[in-house]
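1. Turn this into a structure:
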Amino acid sequence: MFMLWGAALVLPAATARSQQLVSLQPAAEPDRSTAPDKSAAPKDLPSDSVSLPPLPPGKTTIMGGQIRNFDPVRDQFSLQIYGQRPMKILFDERTQIYRDGVRIPVRNLGPEEHASVQTTLDGANVFAVSIHILSGSPEGECEGRVIRFNPDKGELVVASQMSPAPVTLIVPPNASIARVGEPEFTGGPSGLSDLVAGSLVSASFESGSAQRNVATQIKVLAVPGAAFAFTGNISYLDMNTGTMVLVDPRDGKSYQIHFDSARLPASQSLRPQSNVTVSATYDGSQYAANTITMN
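-> Now for the predicted structure:
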């Protein structure tokens, strides 16, 4: 009886001890022969595996200058344009970069003496759609309203909707200046006299000495007091402000025209997509309707 009682005491103790030993044993390693190694980093992922947002919509403006204050961490740089304050421009993997016409990676971008930058607005920021780095003289284009022109210095200052700062151009004596558009407008005399404040122009330029943008060709789109006739469909209409946007099929462009509904009773019949003919006068800041005819 004594021996049986002693065995009864020893057996539970031995069982508990064996359980402690089992709990202290390291866990068996998993079979790695078939399980994938999730800790391994992916190799050589295609560049399109990362989804990038689309480019900002809207018109673009091309400007030439020097790339300065290049910051690859913030993905930004300053474009130094002659006669203007440096312009901060953002870029990222969507920006297409070329050197003498050959595509190069974004990581190869840096300070440059000559660059032509195609920009657009991304909210309140200026974003580089493409950057062309040229060994020779860069070229550019700008379209906007003339702020002032100094004939003695040949200096033309243009305000563009796509540029935060006005663009300064040097107009040499051999620059081509011509009116474009309707025969009634193009039939009039054209030249330096068209470069008055308020005129709408489209200018092509290249970099000259001292990084000055030298105009090679200037197209005059409108001058204050000029009359125009537009025919097309209304793509936008706001009766409260007396504003319509008309798409003229002859050139495919959209024109914003202002009208006085009290003075032009025909405007009460206007509807979006209406086909109309509008005679208007450009007053230096906008096209003002004189007559509206429903087609």
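2. what sits against the residue nearest to the spatial centre of the chain?
-> Closest to where the C-alpha atoms of the chain average out (Cα atoms, centre = their mean) is Thr120, at 1.4 Å. Neighbour list for Thr120: Leu55, Pro56, Pro57, Gly58, Lys59, Thr60, Thr61, Val126, Phe127, Val129, Met162 [criterion: Cβ atoms under 8 Å, 6 or more residues apart in numbering]. In short, each C-beta sits where N, CA and C put it, glycine included.
3. rerun at 7 Å
-> Thr120 sits next to Pro56, Gly58, Lys59, Thr60, Phe127, Val129, Met162 when contact means Cβ atoms under 7 Å, 6 or more residues apart in numbering.
4. Now the buried members of those residues.
-> Applying 16 or more other Cβ atoms under 10 Å to these, the neighbour count classes Pro56, Thr60, Phe127, Val129, Met162 as buried.
5. residues near Asn175, how many?
-> No, residue 175 isn't Asn; it's Ala. By other Cβ atoms under 10 Å, 19 other residues sit near Ala175.
6. Pretty sure Ser202 sits against Gln217.
-> No. The pair Ser202 / Gln217 is not scored as a contact, 8.7 Å apart, by Cβ atoms under 7 Å.
7. between these two, which one's more packed in?
-> Neighbour comparison, Ser202 and Gln217: the larger count goes to Ser202, with 16 against 13 (by other Cβ under 10 Å).
8. my hunch is that the more buried one is in a strand, does that hold up?
-> Yes. Under DSSP: H, G, I helix; E, B strand; the rest coil, Ser202 sits within a strand.
9. okay, the buried ones among the contacts of Thr120 in a markdown table with pLDDT, secondary structure and distance to Arg68 next?
-> Below are the buried ones among the contacts of Thr120 laid out as a markdown table (pLDDT from 0 to 100; DSSP: H, G, I helix; E, B strand; the rest coil; distance: Cβ to Cβ, whole Å):
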| residue | pLDDT | secondary structure | distance to Arg68 |
| --- | --- | --- | --- |
| Pro56 | 84 | coil | 23 |
| Thr60 | 82 | coil | 22 |
| Phe127 | 94 | strand | 18 |
| Val129 | 94 | strand | 20 |
| Met162 | 56 | coil | 21 |
